[in-house]
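Trainee: Got a predicted model here, sequence first, then my questions.
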Amino acid sequence: MRKSTLCLSLIGVQSVLFLGMLIHAKAQEGPAARQRQSSAALVRSLGLTDLCLFTEARYTRHPAMADRHAAFQDHPMGLDHFPSGSLIAPPTFPSPHARPRPAVPQHP
Amino acid sequence: MRAPVQRYRNILDFALSSLLRRKGRNLALICVYTLVVFVIASLIFFVQSLKREARELLVQAPDMVVQRMVAGRHDPMPAAQAEAIRAIRGVEEVHSRVWGYYYDPVFGGNLTVMGSDDPTLAADAVWIGQGVARNMRVKEGDLISLRGYGGLPMLFAVQKILAEESELVSSDLVLMSPKDVRSLFNFPEGLATDLAITAGNPRELPTIAAKIVEQFPDARPILKSEILRTYEAIFDWRGGLMVVVLGSAVLAFIIFAWDKATGLSAEERKEIGILKSIGWESSDVLLLKFWEGSVVSLTAFLSGVLLAYVHVFFFSASLFEHALKGWSVLFPRYRLMPALDGYQLTVLFFLTVLPYTAATLVPIWRAATVDPDAAMRS
C-alpha cells in the first residue's frame, strides 16, 4: 500500500472522529438540559448564587458574594494563600456606591 | 484530472518518505505539538463548559442579593431592613436567607450550611450534597454530628442525599431547617445572613438597588447580572489559570516553531539541492515541504483536540484535578457536559496549524531559491 494512502486514511479517520466529536457534543445537549434540571431546581428553590467549584475559602466557594477586597481581606498585604484563589480572576463588580443613582422622585 | 492528483500523491509519498527518514525527530515533534494542542484545547473545553453551566444554572439565582457591610466585611442583616426593602416599589418578594460555613474538624473540610423552608425537610434532619456524603461516609438514615457554636454537639438524621446530577451546585451543601441553622451557629433571631430579592420587572433592578443603597448606605446589593458576569469573568483568558497555561503552551509552541523556522539542517539543504539538480522546480520543493508541514500539523491538531475532548468530557478533566483541588478537602465530582465553541476551535486551528506550516515554508523557500550546486556544497 502506498504511504500516501495510509497517511490520507489516517487523516480521514481523524477527521471522521472530529466530526463525530461535533455530533456527540450536539447530541449531548438534550441529556445536558435534563441533567441541569435538578441543579436548576435547587438553585431556584434555595436562591443559590454560586457554583460549588472550590470549597477551600469563602471567597472561592462564593466568588459572587465575596467581600470586595478578597485578596487582602484579612489585613493589608495579607496575600491570598489559597491556591484556587490564584486560579480565578476577581469578580468585576461595580461598587454599589459608584452605581449611577436614578433620581428618586421627591414627594411634596 | 487524474494526472494532477497523481502528481500531488507522488509528492505526498515523497514527503512521507522524507519524514520517515527522520522518524525519531518527527515523532517527537508530533508528540510535543499534540501535547501543546491538547493542553490548550482541554482548557478551552473545560472553561467553556463551566461557563455554560454557570450561565444556564445561575439564571435561576435570585434577582438581587442584599448584604450588609460592616467595616468592609459581610455582616448579618436585621429583619427590619427586610421589611423596609419589601416596601420599596417594584420589589415583589424578599426572602431572608440564613446560611453559613461550617468547618468539620473530623475530615477537615468546609461545608455550606443553609436553611431551607422545604416542608418535607424534617426538624433535626438534614439533606446533604454528594460531596458531604462521600467525605463523611454516610448514607440516608445515618446520623451525623455537628459541633454547635454553643459548644455542644448536635445530631442530625440524614433524610436525603441530593442528586448526583446537581453536584456542581450542591456538593458541599448541608440543608436543614432555618431554626436548626440558628441553633447550630448560635445565630440570633431577627437577623438573616442576607436577603434574596425578586423584582416584578427585572429592568427595575438597578433603580431598586439604588433606592436600597440610598436608604441603607451599609447595604451591598448584588444583581443577578453581576453574578452572571462574575462567572463570565472568573475564567477569563487574561487571569489566573488561563493565562498561566496559555502562556506556557504558547511559549513552548513559539520555541518549537522558531527552531523550525530558523534554519534547515545540512542534510535538508543537500536534499533540496539534489531535487533541484534532477529537475524539481522551486514550486515542487515548496509543495513537498508544505505537505510535510501539513501532515505533521494536521495530525497533531486533530489528535490534540480529540484527546482533549475525551479528557474533559469523559474523564472530567482529571489532569487538571490537582490544580483545581488546591487545599480543598471536599472536592466536587461533576461530569462536564460538552460545550463546543466553533469560533474558539477555529482560532485554535489558525493559531497552531497555520504558523507551523508557514514556519516550515519560509526557510525552505530561502533554500529552494539558491543555486542547486551551492545548496549541495553547503
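Mentor: That came in fine, so what should we check first? Numbering: from 1, shown residues only, chains lettered A, B, ... in the order given.
Trainee: Only C-alpha atoms from now on, for both contacts and neighbour counts.
Mentor: Noted.
Trainee: what are the ranges of the strands in the stretch 151-300 of chain B?
Mentor: With strands called from DSSP state E, counting those that start in this stretch, the stretch 151-300 of chain B shows them at B:153-161, B:173-176, B:191-192, B:194-199, B:219-223.
Trainee: closest to B:Gly72 out of these?
Mentor: Taking CA to CA, strand B:219-223 is the member of the strands of the stretch 151-300 of chain B nearest to B:Gly72, at 10.3 Å.
Trainee: in its sheet, what does that closest one sit against?
Mentor: Partners of strand B:219-223 in the sheet, by DSSP bridges, are strand B:64-70 (antiparallel).
Trainee: For the spatially closest residue to B:Gly115 that is not a sequence neighbour, list the residues it contacts.
Mentor: Nearest non-adjacent residue to B:Gly115, counting by CA to CA, 6 or more residues apart in numbering or on different chains: B:Pro178, 4.1 Å away. Residues in contact with B:Pro178, defined by CA atoms under 8 Å, 6 or more residues apart in numbering or on different chains, are B:98, B:114-117.
Trainee: Now, of these, which are buried?
Mentor: The neighbour-count criterion (16 or more other CA atoms under 10 Å in any protein chain shown) marks B:98, B:114-116 among these as buried.
Trainee: and which of those is nearest to chain A?
Mentor: Distance to chain A across the buried ones among the contacts of B:Pro178 (CA to the nearest CA) is lowest for B:Ser116, with 6.6 Å.
Trainee: how about that closest one, phi and psi?
Mentor: The phi and psi torsions at B:Ser116 (degrees, to the nearest 10) take the values phi -130, psi 140.
Trainee: Distance of it relative to B:Arg220?
Mentor: To B:Arg220, B:Ser116 is 23 Å away according to CA to CA, to the nearest Å.
Trainee: need the helices for the stretch 51-200 of chain B, in chain order.
Mentor: For the stretch 51-200 of chain B, the helices defined by DSSP state H, counting those that start in this stretch occupy B:79-86, B:130-136, B:167-170, B:178-185.
Trainee: So which elements touch the second one?
Mentor: For helix B:130-136, the helices and strands in contact under the criterion 3 or more CA pairs under 8 Å, 6 or more residues apart in numbering or on different chains; DSSP states H and E are helix B:167-170.
Trainee: tally of neighbours for residue 44?
Mentor: No chain specified, so I'll use chain A. 17 (other CA atoms under 10 Å in any protein chain shown).
Trainee: not quite, I wanted chain B
Mentor: B:Ile44 - counted by other CA under 10 Å - has 23 other residues nearby.
Trainee: What lies in contact with the helix or strand bottoming out on mean pLDDT in chain A?
Mentor: Between all helices and strands in chain A, the lowest mean by mean pLDDT, DSSP states H and E belongs to helix A:58-61, at a mean of 83. With contacts defined as CA under 8 Å, 6+ apart, helix A:58-61 is touched by A:50-55, A:65-67, A:70, A:84-85, B:101.
Trainee: residue closest to the middle of chain B?
Mentor: Taking CA atoms, centre = their mean as the criterion, B:Val47 is the residue nearest the geometric centre of chain B, at 2.4 Å.
Trainee: what's near enough to touch it?
Mentor: B:Phe235.
Trainee: how near is it to B:Ala233?
Mentor: To B:Ala233, B:Val47 is 11 Å away according to CA to CA.
Trainee: try B:Val59
Mentor: From B:Val59 to B:Ala233 the distance is 16 Å (CA to CA).
Trainee: and stretch B:20-30 with chain A, contact?
Mentor: No - using CA under 8 Å from any CA of the partner chain, stretch B:20-30 never reaches chain A; the gap is at least 10.2 Å.
Trainee: residues of that stretch that come out buried?
Mentor: Across stretch B:20-30, burial judged by 16+ other CA under 10 Å covers B:29-30.
Trainee: What average pLDDT does that stretch get?
Mentor: The pLDDT scores in stretch B:20-30 average 85.
Trainee: what's the spacing between B:Ser265 and B:Ile364?
Mentor: Distance check for B:Ser265 against B:Ile364: by CA to CA, it reads 11 Å.
Trainee: ah, wrong one, I meant B:Gln60
Mentor: B:Gln60 sits at a distance of 58 Å from B:Ile364 (criterion: CA to CA).
Trainee: now do B:Ser294
Mentor: As defined by CA to CA, B:Ser294 lies at a distance of 14 Å from B:Ile364.
Trainee: quick one: which of those two has more around it?
Mentor: Between B:Ser294 and B:Ile364, counted using other CA under 10 Å, B:Ile364 has the larger neighbour count: 22 against 18.
Trainee: tell me the contacts of the more buried one?
Mentor: B:264, B:285-286, B:289.
Trainee: Now do it, the pLDDT please.
Mentor: pLDDT recorded at B:Ile364 is 77.
Trainee: Run through chain B and note the low-pLDDT ranges.
Mentor: B:1-2, B:236-243, B:260-263, B:375-378 (pLDDT under 70).
Trainee: domains for it, by residue range?
Mentor: Listed by automatic domain parsing, the domain ranges of chain B are B:2-58+B:234-376, B:64-224.
Trainee: Make JSON lines out of those and add distance to A:Val13.
Mentor: Shown next, in JSON lines, are the domains of chain B (distance: least, CA to CA, whole Å):
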{"stretch": "domain B:2-58+B:234-376", "distance to A:Val13": "10"}
{"stretch": "domain B:64-224", "distance to A:Val13": "34"}
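Trainee: just to revisit the earlier point, in JSON lines: the contacts of B:Ile364, plus neighbour count and distance to chain A.
Mentor: Shown next, in JSON lines, are the contacts of B:Ile364 (neighbours: other CA atoms under 10 Å in any protein chain shown; distance: CA to the nearest CA, whole Å):
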{"residue": "B:Leu264", "neighbour count": "15", "distance to chain A": "24"}
{"residue": "B:Val285", "neighbour count": "24", "distance to chain A": "17"}
{"residue": "B:Leu286", "neighbour count": "19", "distance to chain A": "18"}
{"residue": "B:Lys289", "neighbour count": "23", "distance to chain A": "15"}
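Trainee: which residues of the stretch 201-350 of chain B fall in helices?
Mentor: Taking DSSP H, counting those that start in this stretch as the test, the helices found in the stretch 201-350 of chain B are B:205-215, B:224-234, B:240-261, B:266-277, B:282-313, B:321-325, B:342-368.
Trainee: Ok, which of these comes nearest B:Gly151?
Mentor: The closest of the helices of the stretch 201-350 of chain B to B:Gly151 is helix B:321-325. By CA to CA, the value is 30.7 Å.
Trainee: roughly how far is stretch B:80-89 from the heart of the chain?
Mentor: For stretch B:80-89, the separation from the chain centroid amounts to 39 Å (computed by CA atoms, centre = their mean, to the nearest Å).
Trainee: ok, how many other residues are close to B:Asp142?
Mentor: B:Asp142 has 12 nearby residues by other CA under 10 Å.
Trainee: Contact partners for it?
Mentor: The contact partners of B:Asp142, by CA under 8 Å, 6+ apart, come to B:157-158.
Trainee: Kindly report the same for A:Thr49.
Mentor: Taking CA under 8 Å, 6+ apart, one finds A:43, A:62, A:64-65, B:58, B:61-62, B:227 in contact with A:Thr49.
Trainee: Filter those residues down to the buried ones.
Mentor: Neighbour-count burial (16+ other CA under 10 Å) applied to the contacts of A:Thr49 gives A:43, A:62, A:64-65, B:58, B:61-62, B:227.
Trainee: possible to save those as a markdown table with distance to B:Arg269?
Mentor: Formatted as a markdown table, these follow (distance: CA to CA, whole Å):
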| residue | distance to B:Arg269 |
| --- | --- |
| A:Val43 | 65 |
| A:His62 | 60 |
| A:Ala64 | 59 |
| A:Met65 | 63 |
| B:Leu58 | 60 |
| B:Ala61 | 64 |
| B:Pro62 | 68 |
| B:Ile227 | 59 |
